[in-house]
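In: quick one, what's the 3D model for this:
(chains A and B)
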Protein chains: 2
Amino acid sequence: MHDYIRDGAEIYRQSFSTIRAEANLANLPPDVATVVVRMIHACGMVDLVDDIAFSADVVSAGRAALRAGAPILTDANMIASGITRARLPADNDVICTLSDPRVPELAHTVGTTRSAAALDLWREQLAGSVVAIGNAPTALFRLFELLDDGVPAPAVIIGVPVGFVGAAESKEELEKRAPAPYLTVHGRRGGSAIATAAVNAVAREDE
Amino acid sequence: MHDYIRDGAEIYRQSFSTIRAEANLANLPPDVATVVVRMIHACGMVDLVDDIAFSADVVSAGRAALRAGAPILTDANMIASGITRARLPADNDVICTLSDPRVPELAHTVGTTRSAAALDLWREQLAGSVVAIGNAPTALFRLFELLDDGVPAPAVIIGVPVGFVGAAESKEELEKRAPAPYLTVHGRRGGSAIATAAVNAVAREDE
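Out: Predicted coordinates:
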């Protein structure tokens, strides 16, 4: 069999080195570049950087919020599962309300998806939080509606929903509104692995 | 704000319709095409199909195994979290041993990553199982070593590890060996979202 590298630290080192050699990171602030390297690592595509849009202070704002104990609110159980708790600086809560028993009824009442309705359970926790939406475009759209409704804004929004219906549009809206410092991937690409990598990279400075 | 579709069923319908219109699925057996549609849905890229390789019976074999009660063994907690339990036909066990307390010591003894060492805890359950490796190339390489060591083969292997070190090579080896019916995505792309989508699609016939 093809021999292979078994040393986890060496695998990370070579992976990040390959990404930095191949991806065009020159136009990114250094702290955003470090986060984008991890997002690329999670999906295997160096050209992801071409679709990245961000606020210059998104990483510093996210890191400060987490250090101050902000919760992480996410639309997908996979993201909640993938966030490395050891990287979180203040034993931060990681909250996904999608499986809350109130959600199906809320979705029915509001007339939307369960992913979007789940955000109605964020109202009390949204102020100053770190939001990571990596699955449902409807969840990102619903976030804008909550903010329009007067719910206080999060500290940062990592908004990378994926797919073919509403994903590109919701992320364009995120850039246009920028209701908080944000990080996104324009177009159809995104998803829970990329969202998780972004949160894990924002959480701690070291690559 | 840009208006958006809030009906979950309609979002799925339009998404799958767009994928079927844009992706070149003509060379795939119908059951494999249905699985690939869901994998594309999870990553937003219709050209994923160009990198797909598979055994013609992978879906039927995986479905039969699950109906017979086979466990699903996976290398990543995110995948275990993302598998939709309601789609599983026999209340199948979903097992990820990565967080088992024995794994760090095993990794040290074997001299490999924790992701690979976690597979040593699959030995008793591997025969006839549905394997989904979506994160670590070292886990897929370790699977080949276990099989070389005489551990009985799984029913199917969904092998889509992601990344820059060993991912492409481990998936080439999977196609070359084909120790069981398999489904893979050649190259660097892959990951937990794509692996989860594949398992969820294999689990149940309806799109």
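In: OK, contacts around the closest residue to A:Arg123 other than its chain neighbours?
Out: With sequence-adjacent residues excluded and distances taken as CB to CB, 6 or more residues apart in numbering or on different chains, A:Arg123 is closest to A:Val151, at 5.3 Å. The C-beta positions use only the backbone N, C-alpha and C, and glycine is treated the same way. Counting by CB atoms under 8 Å, 6 or more residues apart in numbering or on different chains, A:Val151 makes contact with A:122-123, A:126-127.
In: okay, the closest residue to A:Cys96 other than its chain neighbours and B:Ala118: tell me how far apart.
Out: With CB to CB, 6+ apart as the measure, A:Ala80 is the residue that lies nearest to A:Cys96, at 4.2 Å, once sequence neighbours are left out. Distance, A:Ala80 to B:Ala118, by CB to CB, to the nearest Å: 21 Å.
In: who are the neighbours of the helix or strand harbouring A:Leu106, in terms of helices and strands?
Out: Using DSSP states H and E, A:Leu106 maps to helix A:103-110. Taking 3 or more CB pairs under 8 Å, 6 or more residues apart in numbering or on different chains; DSSP states H and E as the contact definition, the neighbouring helices and strands of helix A:103-110 are helix A:114-117.
In: export only the CA atoms of the helix or strand just after the helix it packs on, formatted as CSV.
Out: Next along the chain after helix A:114-117, taking DSSP H and E as the criterion, comes strand A:130-133. As requested, C-alpha coordinates have been extracted for strand A:130-133 and formatted as CSV (Å, rounded to 0.1, in the frame of the first residue of the first chain):
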residue,chain,number,x,y,z
VAL,A,130,-21.4,34.5,18.0
VAL,A,131,-23.8,33.2,15.3
ALA,A,132,-22.8,30.4,13.0
ILE,A,133,-25.3,29.6,10.3
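In: ok, back up a step: give me the distance between the residue nearest to A:Arg123 and A:Ser129.
Out: If you measure A:Val151 against A:Ser129 using CB to CB, the figure is 11 Å.
In: pull up the overlap in contacts between these two.
Out: Common neighbours of A:Val151 and A:Ser129, using CB under 8 Å, 6+ apart, are A:Trp122.
In: among the contacts of A:Val151, name the buried ones.
Out: Burial by neighbour count, 16 or more other CB atoms under 10 Å in any protein chain shown: within these this picks out A:122, A:126.
In: okay, A:Thr97: pLDDT?
Out: With respect to pLDDT, A:Thr97 has a value of 98.
In: helix, strand or coil for it?
Out: coil (DSSP: H, G, I helix; E, B strand; the rest coil).
In: quick one: contacts for it?
Out: When the contact criterion is CB under 8 Å, 6+ apart, the partners of A:Thr97 are A:73, A:103, A:118-119, A:121-122.
In: now with 6 Å?
Out: Residues in contact with A:Thr97, defined by CB atoms under 6 Å, 6 or more residues apart in numbering or on different chains, are A:118, A:121.
In: please apply the same query to A:Gly163.
Out: Contacts for A:Gly163 (CB under 6 Å, 6+ apart) come out as B:15, B:44.
In: now do the phi/psi pair for it.
Out: Summarising the backbone geometry of A:Gly163 under the convention degrees, to the nearest 10, its torsions are phi 130, psi -160.
In: report pLDDT for it.
Out: What the model reports as pLDDT for A:Gly163 is 98.
In: what's whatever helix or strand A:His41 lives in packed up against?
Out: Applying DSSP H and E as the criterion places A:His41 in helix A:30-43. Helices and strands in packing contact with helix A:30-43 are listed as helix A:8-22, helix A:58-67, helix A:192-203; criterion 3 or more CB pairs under 6 Å, 6 or more residues apart in numbering or on different chains; DSSP states H and E.
In: how about CSV for those helices, with mean neighbour count added?
Out: Supplementary listing: the helices and strands packed on helix A:30-43 in CSV, determined by neighbours: other CB atoms under 10 Å in any protein chain shown:
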stretch, mean neighbour count
helix A:8-22, 15
helix A:58-67, 21
helix A:192-203, 28
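In: nearest to A:Ala155, of those?
Out: Ranking the helices and strands packed on helix A:30-43 by distance to A:Ala155, with CB to CB as the measure, places helix A:58-67 first at 3.6 Å.
In: whichever helix or strand comes after that closest one: how far from the chain's middle?
Out: From helix A:58-67 onward toward the C-terminus, using DSSP H and E, the following helix or strand is strand A:72-74. Computed by CA atoms, centre = their mean, to the nearest Å, the separation of strand A:72-74 from the middle of its chain amounts to 9 Å.
In: which positions in chain A make contact with chain B?
Out: A:2, A:4, A:6, A:8, A:11, A:14-15, A:18, A:44, A:77-78, A:81-82, A:111-113, A:141, A:162-166, A:169, A:173, A:188-189, A:191-193 (CB under 6 Å from any CB of the partner chain).
In: write the ChimeraX selection for whichever of those residues are buried.
Out: The buried residues among the residues of chain A next to chain B can be selected in ChimeraX (16+ other CB under 10 Å) with this line:
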select /A:4,6,8,11,14,15,18,44,77,78,81,82,112,113,141,162,163,164,165,166,169,173,188,189,191,192,193
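In: could you redo the helices and strands packed on helix A:30-43 as TSV and give each row mean pLDDT and distance to A:Pro179?
Out: Supplementary listing: those in TSV, determined by pLDDT from 0 to 100; distance: least, CB to CB, whole Å:
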stretch	mean pLDDT	distance to A:Pro179
helix A:8-22	97	30
helix A:58-67	98	13
helix A:192-203	98	18
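In: residues contacting the closest residue to A:His186 other than its chain neighbours?
Out: If you skip the residues right next to it in sequence, A:His186 has A:Asp51 as its closest partner in space, 4.5 Å away by CB to CB, 6+ apart. For A:Asp51, the contacting residues are A:185-187, by CB under 6 Å, 6+ apart.
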